[in-house]
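In: could you work out the structure for the sequence below:
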Amino acid sequence: MLELSLKIRDIPEAGSDARVEVLLVRSFLADALGPDVDLSRSHVTVRAGVMRTNDTILVRGRLEGELFTVCARCLGEAHIPVDVPMNVVLGPEDLGAEESADEESEYYVHDGVTVELA
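Out: Numbers count the residues shown, from 1 in each chain. Below is the predicted model:
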C-alpha cells in the first residue's frame, strides 16, 4: 500500500502551500482498480498543494495519468485518460468527518500529528 504521510507541523499556514507530487505505485493501482489494469503501462500521479488553517488541512490538486485495461463490452484494450480534480479537507478526530454539502470536496479526519493522504 502507498504511504503518503505529512507531519501537520510541517504543513504551511494559509497563504502558502506545500507542493506534493507522487507517482502512485503499481501495487496501489492494483488494489484500487483490480486485476484487469495493465500495470506495466498504467500510471497515475497526484499533484497537489497542501496548506493548513489551525487544525484544518486543505489538499487541492489533481490525479493525472492514464490507465490501460480491458474493455468490458468488447474485451479489447481500453485506454482511459485520467485527469480528476482532488479537493480534500481534513479536520481533527474530535470533530469527526462529515458529509459534504459541497459535492466537489471530500471530508476526512486526522490524528492531530500526521495527515495520511493515501
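In: quick one: residues in contact with stretch 18-34.
Out: The contact list for stretch 18-34 (CB atoms under 8 Å, 6 or more residues apart in numbering) reads 1-2, 4, 6, 10-12, 37, 39, 42-51, 59, 61, 65, 67, 69, 117-118. To be clear about C-beta, it is placed using only N, CA and C from the backbone, and glycine gets the same treatment.
In: only the buried subset of those residues, as a ChimeraX command please.
Out: To isolate the buried ones among the contacts of stretch 18-34 in ChimeraX, judged by 16 or more other CB atoms under 10 Å, type:
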select :2,6,11,37,42,43,44,46,48,50,51,59,61,65,67,69,117
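In: narrow the contacts of stretch 18-34 to those in strands?
Out: Among those, the members found in strands (DSSP state E) are 6, 43-51, 59, 61, 65, 67, 69.
In: between all of those, which two are separated the most?
Out: The span of these, defined through CB to CB, is set by Met51 and Thr69 at 34.6 Å.
In: which residues in this structure form helices?
Out: 26-33 (DSSP state H).
In: so where's it shaky on pLDDT?
Out: Under the criterion pLDDT under 70, the flagged ranges of the chain are 1-3, 15-16, 94-103, 117-118.
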